[in-house]
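Novice: predicted structure and sequence below. I'll ask about it afterward.
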Amino acid sequence: MLSMNVRPTVIATLMLLATALASAQGSREKIDLLVIDGATAVFSAEGYGPSRQAAVENSKIAVLRRLLYDGVKDLNLGAPIVTSGQGTNLWLNEFFTGKYPAYKNFVEGVELVGDFDQTVTNEMHCLTNVCIRYDQLMKQARSQGVSGEQQLQPAEQPVPQQEKKPKPKRSFL
């Protein structure tokens, strides 16, 4: 009788644990816009990897993935850069892979903030400031046909129109 009561509790606990892990997976790398300076934007980003170098590299990739596919609050109206051709565009398909991945052209620099630490899964973790050539990224996305013009513009404010005064009638008598 006791095993019948334990089974639903174990199943419920496992489901709760799976839900918690799934929600944590989506928010693993935290990315925040720090400053926009002319044609560049600086982001605070976390990176994880098997080595220190991989963790730093993954922080750069995380920023660009967020910009391209999810959008970043306070930049481009929070909309992602990629609006079309996500699965079929050759530029996007090879953006993060290959001998000379395209994403490296848009990273102006990276600065380690603090020191590395190790997660419970023995991964290296770091916090970085990543400087992205944002204007160059936007121009390239437009030229590759993966970004629509309408999302690059700031929201237009409606301009109140003044009422037209009627013109006085002319009399020719």
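Specialist: Arrived safely, thanks for sending.

Novice: can you name every helix or strand that the lengthiest strand in the chain contacts?
Specialist: Criterion DSSP state E: the longest strand present in the chain is strand 107-118. Helices and strands touching strand 107-118, by 3 or more Cβ pairs under 8 Å, 6 or more residues apart in numbering; DSSP states H and E, are helix 52-65, strand 124-132. All C-beta atoms are positioned from the backbone trio N, CA, C, and that covers glycine.

Novice: tell me which of those sits nearest to Thr40.
Specialist: Closest approach to Thr40 among the helices and strands packed on strand 107-118 is made by strand 124-132 (5.5 Å; Cβ to Cβ).

Novice: what mean pLDDT does that closest one get?
Specialist: Regarding strand 124-132, the rounded mean pLDDT is 96.

Novice: quick one: contacts for Cys131?
Specialist: Cys131 makes contact with 40-42, 107-111 under the criterion Cβ atoms under 8 Å, 6 or more residues apart in numbering.

Novice: coming back round to it: identify each buried residue in the longest strand of the chain, please.
Specialist: Residues 107, 110 are the ones in strand 107-118 that count as buried (16 or more other Cβ atoms under 10 Å).
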